[in-house]
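> got a sequence here, can you model it:
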Amino acid sequence: MNHAQEIIKVPCEQIHVGERHRKDMGDLEALAASISAFGLLHPPVVTKEGVLVCGERRFRAMRDILGWKTIPVIVLEVSSIVEGEYAENEIRKDFTPSERVAIGKAIEAEVGKRQGRRTDLEPVENLPQVPPGTKTRELAAEKAGFGNARTYQQAKKVTEDGAPELVAAMDAGEVSISAAAVLAQAPPDTQRTIVQMPAAVRRQIVRQLREATELPSTAKARRIARETGMLVADRTGRYRSGLSDDERKALKEDLDAIWAVTRAVLALADTPLDPVELASRLEYWHCPGIRAKSPVALDWLHRFEEAIRDKTQIS
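Numbers count the residues shown, from 1 in each chain. Predicted coordinates:
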């Protein structure tokens, strides 16, 4: 065991969960049964102050379902990691990807706390800072055992948006971090379904989802549309044109008018109202201009009917 961490038993009441991002705890009953049958393979991680860093599901399963009053935990000195006293490959070996995300977040918080201290009250040499040109996220990714900030962000997305089953599959190595990040964009029920599929099918689905996310941004789609004169789909799934704002406004008004008239024609065809009865009832309604406009509308309908009579492609 590295000097930056140790396993001890702590009363549950001394562990502070705090505000957590994850709300879906998944099947805690099944997790509790697994812990009861096979033991606790990965203890929750807490700071020396008792703040839970990762392992909330395991903690709740032991405390709330198994009724344990005292549980084993790993006490992790985040400051020791920041100060380089814990090798990144040891972090990678000892903790799962989701645990390392939580450690990375704790590192980001620790660095942010240090950067906010007054250096006139404490010597700078006692407060390790982020190296020049290095972002806090990059430092956290390195110290938490991720190869780079991109992989760290992908794993973070899985822990924040992924269903518990997807997180578990990532932690077990059944789904890569990058693939899990793609799947985390799907609804939770879809994620659960995909995780249960054969590996070859999962890979095909991930490939398809990746292709969908590689569509251009809205701005880029409009630029391509202007250059090609074609409609271009953006990553939101909507097609964009190269029209200016005024042209798009005019086009929208034109399409709205077409849709309004089309619905009016369909409404006339489907109305249960008798025209003679409606004419008599309009006596009690305020419909200015209806007498003068009815012949105009009728003439328009006659010409419309003649225009579409020979267009067999119109249903």
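> list the contacts of T151.
A141, I177, S178 (CB atoms under 8 Å, 6 or more residues apart in numbering). Placement of C-beta: from N, CA and C, glycine included.
> what's the separation between it and E99?
Applying CB to CB, to the nearest Å, one obtains 15 Å for the distance of T151 from E99.
> ranking by neighbours, what's the top pick from the contacts of T151?
A141 (26 neighbours; other CB atoms under 10 Å).
> surely that residue meets G104?
Yes. Between A141 and G104 there is a contact at 6.3 Å, judged by CB atoms under 8 Å.
> avg pLDDT for stretch 230-239?
In this model, stretch 230-239 has an average pLDDT of 73.
> give me the contact list for it.
Against stretch 230-239 from outside (CB under 8 Å, 6+ apart): 212-218, 220-222, 224-225, 240-241.
> out of those, which is nearest to G145?
Set against G145, the nearest of the contacts of stretch 230-239 by CB to CB is T213 (26.1 Å).
> give me the pLDDT value at the closest one.
pLDDT, read off for T213, is 67.
> all the strands of the stretch 101-250 of the chain, residue numbers only.
232-233, 239-240 (DSSP state E, counting those that start in this stretch).
> switch these over to TSV; also include mean neighbour count and distance to T271.
Shown next, in TSV, are these (neighbours: other CB atoms under 10 Å; distance: least, CB to CB, whole Å):
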stretch	mean neighbour count	distance to T271
strand 232-233	18	39
strand 239-240	18	34
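> after the one helix or strand T262 maps to, which helix or strand is next?
If you go by DSSP states H and E, T262 is part of helix 245-270. Later in the chain than helix 245-270, the nearest helix or strand by DSSP H and E is helix 275-281.
> now the helix or strand following that next one: mean pLDDT?
Using DSSP H and E, the helix or strand that follows helix 275-281 in sequence is helix 290-309. The predicted model assigns helix 290-309 a mean pLDDT of 88.
> helix 290-309 to helix 245-270, inter-axis angle?
100 degrees (axes from the mean of the first three to the mean of the last three CA atoms, to 10 degrees).
> how far out from the middle of the chain is helix 290-309?
Distance, stretch centre to chain centre, for helix 290-309: 52 Å (CA atoms, centre = their mean, to the nearest Å).
> which strands or helices does the helix holding T262 pack on?
helix 290-309 (3 or more CB pairs under 8 Å, 6 or more residues apart in numbering; DSSP states H and E).
> just checking, what packs against the helix it packs on?
helix 245-270.
> so how far is the helix it packs on from its chain's centroid?
Centre to centre, stretch against its chain (CA atoms, centre = their mean), the figure for helix 245-270 is 36 Å.
> what does stretch 96-116 give?
Distance, centroid of stretch 96-116 to centroid of chain: 21 Å (CA atoms, centre = their mean).
> list the buried residues for that stretch?
Within stretch 96-116, the residues that count as buried by 16 or more other CB atoms under 10 Å are 96-108, 110-111, 114.
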